[in-house]
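Asker: after the sequence you'll find the predicted model.
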Amino acid sequence: MEINIDNMVIPDHIAIILDGNGRWAKKRGLPRSMGHKEGCVVVERTVEDAARIGIKYLTVYGFSTENWKRSGDEVGALMQLFRYYMVRLLKVARANNVRVRMIGERSRFDQDIIDGINRLERETENNTGLTFVIAVNYGGRDEIVRAARKIMKDAADGKITPDQMDEAAFSSYLDTAEIPDPDLLIRTSGELRLSNYLLWQLAYTELYVTDCYWPDFNKEELKKAIAAYNSRDRRFGGVK
């Protein structure tokens, strides 16, 4: 039965761990690359669904700092898919008034990929709808370490003192500066871990795990997650 979310609270920011592409492909006797390809199709569709539902920020875990450990063939296939998908994403963003942001350490990518990322951000920066954030070559611990290095440099240069450091100041050094923390995290494929994703930002995020593999994720699965979110009592450490 279709879930009606018309009278529900829509989370401002949803983060997703896109898990299960490889297992989806294996279950069908297909190469892992086909699972990643189908996963990109679902990302595109989910961006459109999220924009229409009224979600303001959607952040997805596209490629982690640990994913470089996979086989050279798989990493190469992912990079080629990323090149293709950036062109597709620009069209989707234009059609849906979506602003695109990338977080993570992009310097490790080939120059043409870096140029593509920069173009995506530049050509969508004035769009006023959903902000779609893609975490690429991203790791939560790496992000915190990079932030700490920036803080140490600014402290050495006299730009910040220990007394000026608080949570807001620290957050301003993260990749997600000016992006609110997620209200809801969705993880597909049933795994019960964060996988080094948004470790600072998920402090008070509601967690929702589904056994659905990412290539099978659709609007109804998104609505199920929103319905589950509406059943939660968010207290942020306080008492109601």
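Answerer: That came through, no problem. Numbering: from 1, shown residues only.

Asker: when you work out contacts or count neighbours from here on, use the C-alpha atoms and nothing else.
Answerer: Fine.

Asker: immediately after the lowest-mean-pLDDT helix or strand in the chain, which helix or strand?
Answerer: Least confident element among the helices and strands of the chain, by mean pLDDT, DSSP states H and E: helix 72-96 (a mean of 92). As assigned by DSSP states H and E, the chain's next helix or strand after helix 72-96 is strand 99-103.

Asker: for Q164, see how far away the residue nearest to the spatial centre of the chain is.
Answerer: In the chain, the residue lying closest to the centroid (C-alpha atoms, centre = their mean) is V60, at 2.1 Å. As judged by C-alpha to C-alpha, to the nearest Å, V60 and Q164 stand 32 Å apart.

Asker: now do A95
Answerer: Taken as C-alpha to C-alpha, the span from A95 to Q164 is 43 Å.

Asker: I114 too?
Answerer: For I114, the distance to Q164 equals 34 Å [C-alpha to C-alpha].

Asker: tell me which of these two has more neighbours.
Answerer: Using other C-alpha atoms under 10 Å as the criterion, I114 and Q164 rank with I114 on top: 15 against 11.

Asker: excluding chain neighbours, what is closest to the more buried one?
Answerer: Nearest residue to I114, sequence neighbours excluded (C-alpha to C-alpha, 6 or more residues apart in numbering): R106, at 6.5 Å.

Asker: got the contact list for the helix or strand encompassing E220?
Answerer: E220 is part of helix 219-230 when elements are defined by DSSP H and E. By C-alpha atoms under 8 Å, 6 or more residues apart in numbering, the residues outside helix 219-230 that reach it are 2-5, 8-11, 46, 49, 184, 186, 206, 208.

Asker: can you do 10 Å?
Answerer: Helix 219-230 is contacted from outside by 1-5, 8-11, 14, 42, 45-46, 48-50, 53, 183-188, 206-210, 212, using C-alpha atoms under 10 Å, 6 or more residues apart in numbering.

Asker: per-residue pLDDT of V239, please?
Answerer: pLDDT for V239: 57.

Asker: quick one: end-to-end length of stretch 6-26, please.
Answerer: End-to-end span of stretch 6-26 (C-alpha to C-alpha): 37 Å.

Asker: thanks a lot, catch you later.
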